[in-house]
Structure formats: structure tokens, C-alpha cells
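> A predicted structure for the sequence below; I have some questions about it.
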Amino acid sequence: MIRAIRCDQPSFRGVEFEPGFNVVLATRTLSATDKDSRNGAGKTTLIEIVHFCLGSSADKKNRLMAEQLKGWTFTLELHLRGKPYTVSRSTGEPKKVIVEGDFADWPMKPKKDKETGAYVLSATQWTDVLGWLMFDLAAQAKMDSFEPSFRSLVSYFARRGRDAFSTPFEHHRKQLDWDKQVNNALLLGLSWEYPAKLQRLKDQEKVVSQLRTAIKAGTFPDLLGTVGELDAQRVRLEEVTRRRAEELRTFRVHPQYIEYQDQANSLQSTIRQLNQENASDRAMLSFYQESLVQERPAESVKLAKVYQEVGVGWPDGVKRRLEDVQSFHERLVSNRKAFLEAEISRLERAIVLRTDQVAPLSDKRAELLEVLNSHGALAEYAELQRLQSDETAKLAAVNDRIANLKKIDEIKSQSRIEREQLHILARSFYEERRAEREKAISLFNSFSQALYSRPGELVVDVVNGGYRFNVEIERQDSQGVEQMKVFCYDLTIATLWAGRKAGPGFLIHDSTIFADVDERQKAHALELAARTAEASGFQYICCLNSDGVPTTDFTKGFDLQPYVRLELTDEGQSGGLLGIRY
């Protein structure tokens, strides 16, 4: 429960609240000018101060962090767990809060400032303590990001901004689904652990899905292919590595392998040269032998016969000259034959000599090749080792790819199994908490019936291991029904928590919740809030505009004025909450 809101600035208009029904009223004065507006009176700012003192973020979006308010210290007096506390927080040092009261049983103790003697907590520590004080949350550092948080929970008891009144189960439009499920489950007495586990599964499934999409797109080439395709590669690589291993096992290194290899290459070159020379000489020998066979002396008898056949006599002078020519030719032929026979003999000897040289050279080369065939060089052995290492690395990579793909499939399958198990457990717990659930449903029904004469419905169901929340009120034709759904839901959780040792003890509504509501329903809602807060023992604080008060629609005997704890006006600087305008 909030006992008072104060500030260290003299212009600030402090306010004290009572148990039960409380009203902060913004009125328009006759002396206000056209430039004055109740929108700047400070109703919303008052709610911001409550949140600021309860550890809200002190970023640039926070209206209290404006330059005009720098160094202002706001104080909130609270009553929690049956004890009074005072907390102060300055816009000049928003990272720390000063607390007063009995904190002997707190799970986290404030430290005493040596200079001021004040007891101080960091803003983060303060929200942890408030989580324990108001909602019985564990105060230690959260190990799971999907746990309920004080800042989210308290925002259902003091909604901020127009979006906060759009739907009962979220306090701002960008609130994540898991946050809505976890926090509303706790507020309604259900197990928040199940939607938290469900969100972890969803995140896991999302990662797997994104990974599979990235694999198909080629982002991770090492994970391309199927397990079957990779198994085929694995078998081939295993065979290659086994063969390489056997080659290395039987490999014998010869210390003079390179020298023998050079010798064998040199012998091969010499043998090749000798064989080429023999081939050339054999060709020349064959030519000389054919030339020797074709050498023939001239035949003068045949020439004389030719003359006789044509009737020409053979002159004696000519006959003598021909005989001289024949004699010369015979000598020439004889000399040529002698040359050819000499060359043939020389070539035959050269061929035999080279052939005799080739034989021992070939034998020597064969001996070297036998050594080379049965041994290997160190460099060759090293190359075999490198190839074996490469193939082994490829095999390991394929095995890793197979393992990763199998892991992805296993995670997907396991997620489906865990979802089913989670749904069964959540449904079982849902049945165990029937009494708490029915109490919440009954409260919502009665509150909505008080506004519209017919009960609405608060629906809570288990879906895929998480929860599905919904509210319905039949009078859809009436204005502001959506805001009244929020009103009835908030009144429900405030009533539920009023009966517990831990609990905020308050419910705060800005005038926004009544902006589009029919005057009659607005009157019913305010009277209902007053009755319920008093009967259930919690504090209801609402901020209203004076011209929005449905005075003529209140039940006879109900008067709003006794509940007004602070009246703000649009008259100049002093009429507003802060005492200044900016």
C-alpha cells in the first residue's frame, strides 16, 4: 500500500493516501487561460513517480529525467508485508535508492553510506528486493531470462500510457508473448515455469529452424547434404585411409634412394642414346647393303646389238672409246664396292660394340629398379603421411558433419517429445490449481456483471504446454468495453493478491482507462472499485478529470469527494503536481 508521495522541492504538491478508495482529481478553474490544460496537471506524472521510486528505467524516455527536474528527489512511503518503508530516489543519481525501515528479514541488505549514514541499494538490487516483498520472487540473480520480473508484474498494478489499457494481459504493445504468459500465470496463481520452459523450447526450435534454412541457402557449406550422402563419403574415406595406413605400414625407406634413382635415370639416358645410335647405324647399314647389291659394270655387247637392230654400223673408233669408258666404270664400281664393304664392316662392328655396352647397363639399371621398387624415398614417405593426414582430416570433418546433422534432427525430435510432456504436465498442474483458477474466473465474472448486468468470461486454458488467456464481455455495442475488460481483470488480480502475505496492496488507474467508457459504466466501475478495495483490503488509486466524473450516474448516497486525496488544477504554475510547467 502507498501511504504518501513526496519530493524535496517546495513547489511539489505532496499527497497522502488512505486504505481503500483514493482519487486524484484534475479540475479546470475559471481563471485558467486557453493555453492552460489539465493534461499537464500531473496525474500521469504522479504514476511515473511511483514507478520511478519502484526502480523503473531512468532513461531519456522517462519524463522525470527532463533537465528541468535534474536533482529532484522523490520519496515514496509504502506499507509492505505489514511493515512501513520509505524509499527515495534522485534524478541526479538514479542508479541508487535510499531506503528506511526494518529490513532485517530482507534477502538483500542495504549498505550504510559512511558520509550520510543513509542505507543505500542500487536500483537493480531494489527491484530484486521489491520482487520478494510484493510477489515473493527469489531475490538472487536470475539464472533464466524467462522468469517473471518485478518490473513487469508491478506494471499490471500501475499501468502506464494509453497502450497499457488496450488488452488485459499486456501492459505495453511490444510486450513479448512469453513475458505475458509467465507474468499472468503467476498473477492468476498458475505455474509460470511451464510457459517459461515452453519459451526455451521455442527458442531452441527457432535456432534449429534458422540453422536448417541457412544450411539450405548454403550459408554453412560444411553442413550441406544429407546423412545418407555423407555416410557414402564416410565409407569411401575410411577405405582410403585404411589403404594409406597399410601403405605406410609396409613402406621401406632406402637411405640412397635418391642416388639410386639418379643412377637409374642416367643409365636409362645412356641406354637410350646407344639404342638411338644403333638404330641410325642400322638404317645406314641397310642402305649400304642395298647399294652394294645394285652396283653392276656397263655391258657394251648390249649397246652394239642396239646399233645392229637399227641398221647402223659400229665404228671401230667408237668401239675402242666405249671399251675405255667401260674399263673406267669397272674400276669405279670396284672402288665403290670396296668403300661400301668397308663401311658395312665398320657399322656392323659399331652396332655390336654398342649392343655389348647396352647389356651390362640394362642389367645395372634393372638392379637399381628392383631396389627402387622394393623401397621408397623419405620424401615419398612424407608425402604418403601428408596424404594420410589429409584424408584423415576429411574423414573427421565428414563425421562431424554427420554428427551435427544428426544432432539437429535429434533436437527437433526431442523438442516434439518435450512439448508433449510439457503439455501433459501443464495440464495436470492446471487441474491441481482448479480452486485458484475458478476463484479468478468467479471474480472476473462478478465484476463484469456489476458493470453490464451479465457476467463476462475469463478464459484460461493450456495450449501446447503454455497458457491461453482471453476475456469476453457480451455488451460489445457499448463504448469502452475493451477498457472495462482491463478494469475487471486488474480488479481481479488486485483482489487475489490482497489476500496474500506478499502483494503490492495497491491498484492504480489513470484516467485513460475511463476515456471512452459510457458514463453509467464509469459510475458503476468507480463504485465497484470503492466497494471491492474496502472489502478485500487493498488500495485503489484512480486519477480523474473533474468533467469526466459521472456525478449524476452514481448510486444515491455515493459521493466521490470524500475520497479525493489531491486536487490538481490547470491554474498557472502552482496548480499542477510539480509546481512548474515545462
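Right, received. Where do you want to start?

> next SSE downstream of the helix or strand harbouring Ala232?
Taking DSSP states H and E as the criterion, Ala232 maps to helix 227-250. As assigned by DSSP H and E, the chain's next helix or strand after helix 227-250 is helix 257-294.

> elements contacting that next one?
helix 316-374, helix 378-432 (3 or more C-beta pairs under 8 Å, 6 or more residues apart in numbering; DSSP states H and E). Where you see a C-beta, it was placed from the backbone N, CA and C, and this is true even at glycine.

> mind running it again at 6 Å?
helix 316-374 (3 or more C-beta pairs under 6 Å, 6 or more residues apart in numbering; DSSP states H and E).

> can I see the domain layout of this structure?
As given by automatic domain parsing, the domain ranges for the chain are 2-190+433-569, 254-375.

> which outside residues touch stretch 270-289?
Leu340, Glu343, Ile344, Leu347, Ala350, Ile351, Arg354, Gln357, Val358, Leu361 (C-beta atoms under 6 Å, 6 or more residues apart in numbering).

> in ChimeraX, select just the buried ones from those residues.
In ChimeraX, selecting the buried portion of those, with burial taken from 16 or more other C-beta atoms under 10 Å, looks like this:
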select :340,343,344,347,350,351,354,358
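
> format the contacts of stretch 270-289 as JSON lines; extra columns: pLDDT and distance to Ser280.
Compiled in JSON lines, the contacts of stretch 270-289 are given as follows (pLDDT from 0 to 100; distance: C-beta to C-beta, whole Å):
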{"residue": "Leu340", "pLDDT": "77", "distance to Ser280": "17"}
{"residue": "Glu343", "pLDDT": "83", "distance to Ser280": "13"}
{"residue": "Ile344", "pLDDT": "84", "distance to Ser280": "15"}
{"residue": "Leu347", "pLDDT": "83", "distance to Ser280": "10"}
{"residue": "Ala350", "pLDDT": "86", "distance to Ser280": "10"}
{"residue": "Ile351", "pLDDT": "85", "distance to Ser280": "10"}
{"residue": "Arg354", "pLDDT": "86", "distance to Ser280": "11"}
{"residue": "Gln357", "pLDDT": "86", "distance to Ser280": "15"}
{"residue": "Val358", "pLDDT": "84", "distance to Ser280": "15"}
{"residue": "Leu361", "pLDDT": "80", "distance to Ser280": "18"}
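
> re earlier: so which of the domains of the chain is nearest Gln199?
domain 2-190+433-569 (3.8 Å; C-beta to C-beta).

> chain center to the closest one, what's the gap?
36 Å (C-alpha atoms, centre = their mean, to the nearest Å).

> tell me the most buried of the domains of the chain?
Counting by mean count of other C-beta atoms under 10 Å, domain 2-190+433-569 has the highest mean neighbour count of the domains of the chain, with a mean of 18.

> and the end-to-end length of that one?
Chord length of domain 2-190+433-569, first to last residue, is 23 Å (C-alpha to C-alpha, to the nearest Å).

> also stretch 427-441?
With C-alpha to C-alpha, one end of stretch 427-441 sits 17 Å from the other.

> hmm, who's touching it?
Leu188, Gly189, Leu190, Ser191, Leu458, Val460, Val462, Thr492.

> pLDDT on it, on average?
Mean per-residue pLDDT for stretch 427-441: 86.

> can you give me the helices for the stretch 1-150 of the chain?
Ranges of helices within the stretch 1-150 of the chain are 43-53, 123-135, 150-154, based on DSSP state H, counting those that start in this stretch.

> do the same with the stretch 401-550 of the chain
434-452, 481-498, 519-536.

> how about CSV for those helices, with distance to Asn404 added?
Below are those laid out as CSV (distance: least, C-beta to C-beta, whole Å):
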stretch, distance to Asn404
helix 434-452, 44
helix 481-498, 46
helix 519-536, 57
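
> quick check: closest non-adjacent residue to His423.
Gly465 (4.4 Å; C-beta to C-beta, 6 or more residues apart in numbering).

> any idea how far the one you found is from Ile441?
From Gly465 across to Ile441, the span is 21 Å (C-beta to C-beta, to the nearest Å).

> please, which helix or strand holds Lys566?
Slight slip there: residue 566 is Leu, not Lys. In the assignment (DSSP H and E), Leu566 maps to strand 564-569.

> can you tell me the strand partners of that strand and which way each runs?
The pairing partners recorded for strand 564-569 under DSSP bridges are strand 21-27 (parallel).

> need the residues that contact the strand it pairs with.
Residues from elsewhere that reach strand 21-27 (C-beta under 6 Å, 6+ apart): 38, 41, 43, 530, 533, 540-546, 563-569.

> now do that strand against helix 519-536, angle only.
Relative orientation of strand 21-27 versus helix 519-536 (axes from the mean of the first three to the mean of the last three C-alpha atoms, to 10 degrees): 140 degrees.

> pLDDT of strand 21-27, averaged?
Mean per-residue pLDDT for strand 21-27: 94.

> what do you get for stretch 116-127?
In this model, stretch 116-127 has an average pLDDT of 94.

> CA atoms of that stretch as PDB?
Output of stretch 116-127 as PDB, limited to C-alpha atoms (Å, rounded to 0.1, in the frame of the first residue of the first chain):
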ATOM      1  CA  THR A 116      25.400  10.400   5.100                       C
ATOM      2  CA  GLY A 117      24.500   7.400   7.300                       C
ATOM      3  CA  ALA A 118      21.700   6.500   4.800                       C
ATOM      4  CA  TYR A 119      21.000   2.900   3.800                       C
ATOM      5  CA  VAL A 120      21.500   2.500   0.100                       C
ATOM      6  CA  LEU A 121      20.700  -0.100  -2.600                       C
ATOM      7  CA  SER A 122      21.400   0.000  -6.300                       C
ATOM      8  CA  ALA A 123      18.300   0.400  -8.400                       C
ATOM      9  CA  THR A 124      18.700  -3.200  -9.600                       C
ATOM     10  CA  GLN A 125      19.100  -4.500  -6.100                       C
ATOM     11  CA  TRP A 126      16.000  -2.600  -5.000                       C
ATOM     12  CA  THR A 127      13.800  -4.200  -7.800                       C
END
